[in-house]
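> just the structure for this:
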Amino acid sequence: MTESTSTLNTPGLWINRYLQEKIFNNTEIAIPFFPTLPNTIDDLTEQWIVINDQRASYEGVVAVYDRLIRMRRSPFPHIKCEQLLYYFYATQNDVTESMVKIQEAVLRLMDREDETAEDINSWAKGKVIDGMSNKFYFHKFKVYQLEEVRDLIDFGTARTYGGNKVIIDYDYHQMQEIINSLNP
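Alright, predicted model coming up:
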């Protein structure tokens, strides 16, 4: 199995890196993305983030995400439907301003249906991430923001955090070679 057909090569990897780069370019806020929380805050704050092949320091904003696989909307089996559920947390000064900047950047980048898909497909063309090339073609994107009582209590209890909970809904299909690698 080559790096590009690895099971680590997921649509979420490409969306996260796209968001990380574009948010940094628009807000100069370097955000690490984690599939699960880091073990300690010290581990997080001592890290450097590589964006656009440059090291950027932690800017006090963290993104934690979950990949949610959804039922297909149509009987055509090759178009996959998924969501990425993001929790964005600001952990340093100006948490409200940081959250507004991040939320607005995500909305402007990701809530444009086919245009967002075209931008990500163009951005990913020819890129290599951790030895993997893009094997996904994106079709459309939508963004939702959630406010739940539990989240408000969680954010309020921490008192040092600002937070946003955002869902990015997207459709894509996989390139045949990534499918064939799982069915030799």
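> which parts of the protein are strands?
33-34, 48-51, 54-57, 61-69, 80-90, 128-129, 132-133, 136-146, 162-174 (DSSP state E).
> the first one pairs with which strands?
Based on DSSP bridges, the strands next to strand 33-34 in the sheet, each with its direction, are strand 61-69 (parallel).
> chain center to the partner strand: distance?
Taking Cα atoms, centre = their mean, to the nearest Å, one finds the center of strand 61-69 at 6 Å from the center of the full chain.
> could you give me the buried positions within it?
Taking 16 or more other Cβ atoms under 10 Å as the neighbour-count basis, strand 61-69 is seen to contain the buried residues V61, V62, A63, V64, Y65. Any C-beta I mention is one placed from the backbone N, CA and C, and that applies to glycine too.
> which residues sit against that strand?
Taking Cβ atoms under 8 Å, 6 or more residues apart in numbering as the criterion, the residues outside strand 61-69 that touch it are 10, 12, 16, 19, 29, 31-37, 44, 80-91, 98, 102, 167.
> for S133, name its beta-bridge partners.
S133 has these beta-bridge partners by DSSP bridges: V128.
> can you read off the pLDDT for the nearest residue to H173 once chain neighbours are set aside?
In space, H173 comes closest to H78 once its chain neighbours are excluded; the distance is 4.9 Å by Cβ to Cβ, 6 or more residues apart in numbering. Residue-level confidence at H78 comes out at 84, pLDDT.
> how about E113?
What the model reports as pLDDT for E113 is 94.
> quick check on it: phi, psi?
Dihedral angles of E113 (phi, psi; degrees, to the nearest 10) stand at phi 50, psi -120.
> the closest residue to it other than its chain neighbours: how many residues sit nearby?
Closest residue to E113 in three dimensions, ignoring its sequence neighbours and counting by Cβ to Cβ, 6+ apart: K140, at 4.6 Å. Neighbourhood size, K140 [other Cβ atoms under 10 Å]: 17.
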